[in-house]
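>>> I would like to see how this sequence folds:
(one chain, ligands or ions: 1)
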Amino acid sequence: MNPESRKRALRYLFQKVIDPLGYKFSPDEDLVDFLLEQEVKLEQKHGIPYCPCQGITKKREDNMKIVCPCIPFHREHYDAMKRCWCGLYVHKDVTNPDELRQIPFNEIKRG
Ligand code: SF4
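Model prediction:
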């Protein structure tokens, strides 16, 4: 499958997963396109669409937590930011993703 077709297929599949979780694709279409392209490349290399923003390790169980969409594994963290770590997904009520920023989980925990 060519990369553009695979991007469309991933988008279709991911939409089904994120919707019941209360998320949508970011309104920033350029960002979405870029990140999906990176995921297609990672999938071509590793056979799995890993997160483009989180490092793959040698531990399979850790790596399984960064397969996109990784929202279920990081729910508390992402819900607090209203976005996933990469910003590919945002809460459904978000209209301006530029207002959201990455906040390390330990900062959120400290409150
Ligand atoms: S941080 Fe976002 S883009 Fe990265 S794997 Fe998780 S859900 Fe996907």
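
>>> Mind checking what helix or strand follows the longest helix seen in the chain in sequence?
Secondary structure assigned by DSSP state H gives helix 29-46 as the longest helix of the chain. Once the chain leaves helix 29-46, the next helix or strand it forms, by DSSP states H and E, is helix 60-63.

>>> Would you mind listing the buried residues in that next one?
Neighbour-count burial for helix 60-63 flags residue 63 (criterion: 16 or more other C-beta atoms under 10 Å). Quick note: C-beta positions are derived from backbone N, CA and C, even for glycine.

>>> pLDDT of it, averaged?
Helix 60-63 carries an average pLDDT of 95.

>>> Can that helix be said to contact the ligand?
No: if you take C-beta under 6 Å from any ligand atom as the test, helix 60-63 misses the ligand, and the best it gets is 10.9 Å.

>>> C-terminal to that helix, what's the next element?
Following helix 60-63 in sequence, per DSSP H and E, is helix 75-81.

>>> Alpha carbons of that following helix, as PDB, please.
Output of helix 75-81 as PDB, limited to C-alpha atoms (Å, rounded to 0.1, in the frame of the first residue of the first chain):
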ATOM      1  CA  ARG A  75      -5.600   8.700  30.000                       C
ATOM      2  CA  GLU A  76      -5.100  10.800  33.100                       C
ATOM      3  CA  HIS A  77      -2.200  12.600  31.600                       C
ATOM      4  CA  TYR A  78      -3.800  13.400  28.200                       C
ATOM      5  CA  ASP A  79      -7.100  14.300  29.700                       C
ATOM      6  CA  ALA A  80      -5.400  16.900  31.900                       C
ATOM      7  CA  MET A  81      -3.700  18.400  28.800                       C
END
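
>>> Output the contacting helices and strands for it.
Applying 3 or more C-beta pairs under 8 Å, 6 or more residues apart in numbering; DSSP states H and E, one finds that helix 75-81 makes contact with helix 105-110.

>>> what about the helix it packs on, average pLDDT?
Averaged over helix 105-110, pLDDT sits at 89.
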